[in-house]
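1. mind folding the following:
(chains A and B)
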Amino acid sequence: MDIKELLAAAVVRAAAAAMDEGILPKAELPEVLLETPPEKSFGDYATNFAMQAARSLKANPRKIAEAVIARLEMPWLDRAQIAGPGFINFYLKQEWLYALLQEILDQGEVYGNTTAGQRQKVQVEFVSANPTGPLHVGHGRGAAFGSALANLMQAAGYDVQKEFYINDAGNQIDNLAASVEARYLELLGQAVTFPEDGYHGKDIVETAQRIIDNAGSRYLMMSPADRREVFKQIALDEKLLALREDLESFGVTFDEWFSERSLFEDDAVAAACRQLREKGHAYDKDGAFWLRSTDFGDDKDRVIIRDNGIPTYFASDIAYHDNKFRRGFETVINIWGADHHGYIPRMKAAVAALGYDPARLEVLVLQMVSLYQGGELVKMSKRTGQGVTLTELIEEVGRDAARYFFIMRSLDSQLDFDLDLAKSHSNDNPVYYVQYAHARIASIFRQMAEAGIVFDSGAKAELCRLSTPFEQDLIRKLGDYPEEVFAAARDRAPHRIARFAHELAGLFHSFYNGCRVLGVEPELTMARLALVAATQRVLKHALSILGVDAPEKM
RNA sequence: GUCCCAGUAGCUCAGGGGAUAGAGCAACGGACUUCUAAUCCGUUGGUCGGGGGUUCGACUCCCUCCUGGGACGCCA
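-> As a prediction, this is how the structure comes out:
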């Protein structure tokens, strides 16, 4: 039962009937949109249909509304009223709420999942940090968001695959190798000049030290080129393992770790270049190989292969995206930092040049994260003097708070992360507020069991005993959940789920203060247990989308 | 100079053609003999950055300007 669909269909039927009777002129009708009115006195649902239809029907909105209302037929409808400039407000019978709750209970743990995605294959690629150092807080935002988006789209019925793209080819990784080599030589007492673009982190020194611990000085004898090749692999393996562990402890896992280097080994880069040339979308100029991206809306053409024969990162990105679409993903979602946004037009151009609809590539751009403590901007880690790492952040505020804070804001807002608030185990902290609601419900069930009461979630309780506004508001909110999941997935906006969970927790806390579950008449206890069980399930469902624990106790 | 994001309550942010613009925090005042007070109830708090336009209706769409952040490489 989707009450909005039922109401919309009833409106359409009523309008059609009025047109048949000649009361309204025949014309194309606008879509009937149902919304929750801003005030309870305006009913349970409302539509602006009459005002929207006024245009095409060339009629007075209130007259249209009147004609529709007179012909409305709907099982749960108590009455409908014209309001304001032409809104139709629907007032539903109370039985509707009880039927709604019963349906939520019947659906069990899958309540909230929708089939909107129709099992469409979607890939979400995120984090994809260079394996040259630890993750910082910006990666944390991408990681929390990406994993939540994947969970969300899965709940909305998409077939989602999570991928991490490993930048294991090119300059950065050569610099990594050269940096390790320099530290290695340094530790063995050799005079070295550190590479200009080298990595100065202490993790590089540690890697060099581990090489010495394992193999001593024997790489001194090796040719520099061979030595760097060996160090490259050692460093890469170490860094990738560290990345994987850091992300796992943040609740983020991937289905696929895709190697950039493999694109060269499989000749995919060369193949993509050949294809672009054959299609006439790429050409040689000034010794370099160019994509004619201006044909696809980019500002200027872009170099794929430099005049020194070395491919740019764009070359692997082209091959990579070709590979993604060849794997059969209907939609490919990339989550990038704001500093890469200028790269979007050329990437879309490349996708179009390869012959794919560029709309199938969605690039979500996340804005910067700033940490605040004591009202001051935190730029550097106190410990290392470098940027604050994700691991340090998790140690500081905990995994759940970190995830929740990253997700609760819309992506395109710059995020001010309040460390004090995230750390506080108090009512100020939104993540605990939501978790506490879940824990409180768990506590009720514990108390219930101690009191020897048996609750069967499959049994039909006398739900009509749920008569207070506390209870009814809660049911209404629970009823909104599937649509919220759908809309959040459509908008790629997991923060809506965080917001919903917070609002639901608020309604529950009010209910909790206003109504007792245990120690009232048995029938009422049973009805309230049913309500509370449904609330707990929805809270858990929402929290699991966010990747935040739903604790039994706090 | 061009492009992207943002500008909404003291602070952090939702909302995205419709009814009286919302939430959290902060401030102030209340509620524990009762399932967890990490909670609840109430009060205070707004020229939705400025100016034009489109519309029956604009915080929302268009134009323009201002402010803050970011991007504009044969770097990644």
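
2. how many neighbours does the residue of the stretch 251-400 of chain A found nearest RNA strand B have?
-> For the stretch 251-400 of chain A, the residue closest to RNA strand B is A:Gly342, as judged by Cβ to the nearest atom of the strand, at 2.5 Å. Placement of C-beta: from N, CA and C, glycine included. For A:Gly342, the count of nearby residues is 9 (other Cβ atoms under 10 Å).

3. repeat for A:Pro25
-> The local packing of A:Pro25 (other Cβ under 10 Å) involves 11 other residues.

4. A helix includes it, no?
-> No: judged by DSSP: H, G, I helix; E, B strand; the rest coil, A:Pro25 forms no part of a helix; its state is coil.

5. residues in contact with the residue lying closest to it once chain neighbours are set aside?
-> Using Cβ to Cβ, 6 or more residues apart in numbering and skipping residues adjacent in sequence, the residue nearest A:Pro25 is A:Leu57, 5.5 Å away. By Cβ atoms under 8 Å, 6 or more residues apart in numbering, the residues touching A:Leu57 are A:24-25, A:27, A:64.

6. and those, which are buried?
-> Neighbour-count burial (16 or more other Cβ atoms under 10 Å) applied to the contacts of A:Leu57 gives A:24, A:64.

7. about what we covered before: quick check, pLDDT for the residue nearest to A:Pro25.
-> Here, the pLDDT recorded for A:Leu57 equals 81.

8. what separates A:Pro433 from RNA strand B, distance-wise?
-> Small correction: residue A:433 is Tyr, not Pro. According to Cβ to the nearest atom of the strand, to the nearest Å, A:Tyr433 and RNA strand B sit 4 Å apart.

9. same check on A:Arg244?
-> Distance from A:Arg244 to RNA strand B, by Cβ to the nearest atom of the strand: 19 Å.

10. what's the host helix or strand of that residue packed up against?
-> Assigned by DSSP states H and E, A:Arg244 falls within helix A:224-248. In terms of contacts (3 or more Cβ pairs under 8 Å, 6 or more residues apart in numbering; DSSP states H and E), helix A:224-248 is packed against helix A:171-187, helix A:202-215.

11. is it possible to get JSON lines of these that adds mean pLDDT and distance to A:Val252?
-> Below are the helices and strands packed on helix A:224-248 laid out as JSON lines (pLDDT from 0 to 100; distance: least, Cβ to Cβ, whole Å):
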{"stretch": "helix A:171-187", "mean pLDDT": "92", "distance to A:Val252": "22"}
{"stretch": "helix A:202-215", "mean pLDDT": "93", "distance to A:Val252": "20"}
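
12. the ones you listed: which one's closest to RNA strand B?
-> Nearest of those (Cβ to the nearest atom of the strand): helix A:171-187, 4.3 Å.

13. tell me the contacts of the closest residue to A:Val548 other than its chain neighbours?
-> Nearest-residue entry for A:Val548: A:Asp400, 4.6 Å, with adjacent residues in sequence omitted and distances by Cβ to Cβ, 6+ apart. Contact analysis of A:Asp400 by Cβ under 8 Å, 6+ apart lists A:431, A:435, A:548-549.

14. same check on A:Ser510?
-> A:470, A:473.

15. would you check how far apart it and A:Ala533 are?
-> 18 Å (Cβ to Cβ, to the nearest Å).

16. next, the closest residue to A:Glu125 other than its chain neighbours: secondary structure please.
-> Nearest residue to A:Glu125, sequence neighbours excluded (Cβ to Cβ, 6+ apart): A:Glu163, at 4.6 Å. Put simply, A:Glu163 is strand when judged by three-state DSSP.

17. next, count neighbours for A:Glu163.
-> Counted with other Cβ under 10 Å, A:Glu163 comes out at 25.

18. tell me the contacts of it?
-> A:123-125, A:254-258.

19. buried sites along stretch A:247-256?
-> Buried residues in stretch A:247-256, defined by neighbour count with 16+ other Cβ under 10 Å: A:247, A:250-252, A:254.

20. for those, give me CSV that also has distance to RNA strand B.
-> Formatted as CSV, the buried residues of stretch A:247-256 follow (distance: Cβ to the nearest atom of the strand, whole Å):
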residue, distance to RNA strand B
A:Leu247, 19
A:Phe250, 20
A:Gly251, 18
A:Val252, 21
A:Phe254, 19
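
21. relative to RNA strand B, which of the contacts of A:Asp400 is nearest.
-> A:Gln435 (7.2 Å).

22. show me what counts as buried in the helix or strand harbouring that closest one.
-> Per DSSP H and E, A:Gln435 falls inside helix A:430-450. Residues of helix A:430-450 classed as buried by neighbour count (16+ other Cβ under 10 Å): A:430-442, A:444-445, A:448.

23. how about the spatially most central residue of chain A: what's its closest non-neighbour residue?
-> In chain A, the centroid-proximal residue (Cα atoms, centre = their mean) is A:Leu149; its distance is 2.2 Å. Using Cβ to Cβ, 6+ apart and skipping the chain neighbours, the partner closest in space to A:Leu149 is A:Pro494 (5.5 Å).

24. how about the contacts made by that neighbour?
-> Shown in contact with A:Pro494 (Cβ under 8 Å, 6+ apart): A:145, A:148-149, A:151-152, A:407, A:488, A:545-546.

25. okay, now A:Glu392: neighbour count?
-> 18.

26. ok, now A:Ala70?
-> Neighbour count for A:Ala70, taken as other Cβ under 10 Å: 12.

27. ok, now the one 3 residues further on?
-> The local packing of A:Glu73 (other Cβ under 10 Å) involves 9 other residues.

28. against A:Thr535, how distant is the residue nearest to A:Val548?
-> Distance from A:Asp400 to A:Thr535, counting by Cβ to Cβ: 19 Å.

29. ok, back up a step: hmm, which of the contacts of A:Asp400 is lowest in pLDDT?
-> Lowest pLDDT among these: A:Val431, 92.

30. if I look at that one, how far off is A:Ala489?
-> 22 Å.

31. look up phi and psi at the residue nearest to A:Pro25.
-> Here is the backbone geometry of A:Leu57 (degrees, to the nearest 10): phi -90, psi -10.

32. what residues does the stretch 51-200 of chain A have near RNA strand B?
-> A:51-52, A:54-55, A:83-85, A:87, A:89, A:130, A:167, A:170-172 (Cβ under 7 Å from any atom of the strand).

33. just the strands in the stretch 201-350 of chain A please.
-> In the stretch 201-350 of chain A, the segments counted as strands under DSSP state E, counting those that start in this stretch are A:256-259, A:282-285, A:288-291, A:302-305, A:331-337.

34. now the ones you listed in a markdown table, with mean pLDDT?
-> Shown next, in a markdown table, are those (pLDDT from 0 to 100):
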| stretch | mean pLDDT |
| --- | --- |
| strand A:256-259 | 97 |
| strand A:282-285 | 95 |
| strand A:288-291 | 96 |
| strand A:302-305 | 96 |
| strand A:331-337 | 95 |
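
35. redo those strands as TSV? Include distance to RNA strand B.
-> Formatted as TSV, those follow (distance: least, Cβ to the nearest atom of the strand, whole Å):
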stretch	distance to RNA strand B
strand A:256-259	13
strand A:282-285	7
strand A:288-291	4
strand A:302-305	3
strand A:331-337	8
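
36. can you redo those strands as TSV with distance to A:Glu396?
-> Converted to TSV, the strands of the stretch 201-350 of chain A look like this (distance: least, Cβ to Cβ, whole Å):
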stretch	distance to A:Glu396
strand A:256-259	28
strand A:282-285	48
strand A:288-291	44
strand A:302-305	41
strand A:331-337	22
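
37. rewinding a little: what about the residue nearest to A:Pro25, distance to A:Ala155?
-> A:Leu57 is 39 Å from A:Ala155, by Cβ to Cβ.

38. then A:His321?
-> 27 Å.

39. who's more crowded, those two?
-> With neighbours defined as other Cβ under 10 Å, A:His321 and A:Ala155 compare such that A:Ala155 has more, 25 against 22.

40. please consider this matter closed, and thank you.
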